[in-house]
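A.B. asks: would you be able to build a 3D model of this:
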Amino acid sequence: MKNIPVSALIGLFFTGLYFLAAVFAPLLAPYGMAEIVGDVWEPASDQFLLGTDNIGRDLLSRMIYGGRTTIFIATAATIISFVTGSVLGLLAAVSGGWVDQVLSRFVDLIMSIPTLIFALVVLSVMPVTVPVLILVMGLLDSTRVYRLARAVAVDIEVMDYVEAARLRGEKMGWIIFREILPNALSPLVAELGLRFIFAVLFVSTLSFLGLGVQPPEADWGGIVKENKEGIVYGIPAALIPAVAIATLAISVNLVADWVLNRTTSLKGGRG
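C.D. replies: Numbers count the residues shown, from 1 in each chain. Reported below is the predicted structural model:
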């Protein structure tokens with residue numbers, strides 16, 4: 001703990017707090033997710049610590065359950081994007097030739113369409129369910145991971161130890177996962193944190209636009225949408241989930257920066 005900077009400790013604390021709240025949401029929430037327990041937009045009190053929302057549901061309970069939904073979707077989408085993008089990026093760099101050309105041009109085609117517009121078009125013709133959200137977000141975001149993984153792998157692929165592995169007769173799987181991947185971890189780990197933050201913001205944006213998590217399920221972007229009219233009357237119900245999104249994004253970024261600094265020694269060689 002002595003070697004961990006204060007910024008990383010703060011990031012770990014808030015990130016861990018949000019993830020623990022997401023895991024134990026049913027135990028922590030004082031009321032049900034969709035249970036109407038009071039009047040519309042009641043102020044904070046001993047009974048309702050954050051007040052109530054636009055139809056009288058406990059805002060704290062909605063925030064806890066909404067955090068669980070937001071974090072679960074963002075985590076699952078990040079795993080899909082990271083695994084898909086990094087594996088295909090490393091494969092393209094090592095294979096070269098027509099494999100690299102086909103994958104890279106396909107990724108260029110997908111990236112030429114703005115991600116939000118692409119997602120809105122896809123979700124407008126498909127059932128908006130959590131698995132569909134995760135799959136759409138993960139696959140669209142994997143293009144960014146692919147570009148980074150391929151760029152890093154192209155530089156590493158010409159190193160002497162990679163050439164030595166080829167001369168030893170090592171197969172492609174060994175070269176990718178034992179020679180290139182360990183030396184590409186530093187930028188990929190940093191990208192993992194950024195992809196998670198982007199996924200949190202993306203699912204919140206989709207829910208705010210009405211094509212994300214559907215009521216009565218809760219997520220932070222949906223809570224902002226449900227309570228946005230209250231801002232005119234000085235009711236902070238819409239600002240609380242916005243603060244939660246910002247806090248989570250900053251916390252994960254602080255952790256990612258610390259991990260990046262811890263792994264920079266892997267960039268220059270096999271280590």
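A.B. asks: can we go C-alpha only for contacts and neighbour counts from here?
C.D. replies: Noted.
A.B. asks: longest helix of this structure?
C.D. replies: Longest helix in the chain by number of residues, with DSSP state H as the criterion: helix 59-95.
A.B. asks: buried residues in it, which are they?
C.D. replies: For helix 59-95, the neighbour count (16 or more other C-alpha atoms under 10 Å) marks 59-82, 84-94 as buried.
A.B. asks: shaky segments in the stretch 151-271 of the chain?
C.D. replies: 263-271 (pLDDT under 70).
A.B. asks: in it, which spans are helices?
C.D. replies: Assigned by DSSP state H, counting those that start in this stretch, the stretch 151-271 of the chain shows helices spanning 160-167, 172-174, 181-208, 220-227, 239-263.
A.B. asks: among those helices, which comes closest to Asp53?
C.D. replies: Taking C-alpha to C-alpha, helix 220-227 is the member of these nearest to Asp53, at 6.6 Å.
A.B. asks: hmm, back to that, from the contact counts, what lies against the longest helix of the chain?
C.D. replies: Packing contacts for helix 59-95, counted by 3 or more C-alpha pairs under 8 Å, 6 or more residues apart in numbering; DSSP states H and E, involve helix 6-23, helix 25-28, helix 97-111, helix 130-156, helix 181-208, helix 220-227.
A.B. asks: most packed of these?
C.D. replies: helix 220-227 (a mean of 24; mean count of other C-alpha atoms under 10 Å).
A.B. asks: contacts for that helix, please.
C.D. replies: Applying C-alpha atoms under 8 Å, 6 or more residues apart in numbering, the contact partners of helix 220-227 are 53-54, 62-63, 66-67, 70, 203-210, 212-214, 237-239, 241-242, 244-245.
A.B. asks: cool, and stretch 133-151?
C.D. replies: Contacts for stretch 133-151 (C-alpha under 8 Å, 6+ apart): 73-74, 76-82, 84-93, 107, 110-111, 115, 119, 122-123, 184, 188, 191, 195, 199, 202-203, 212.
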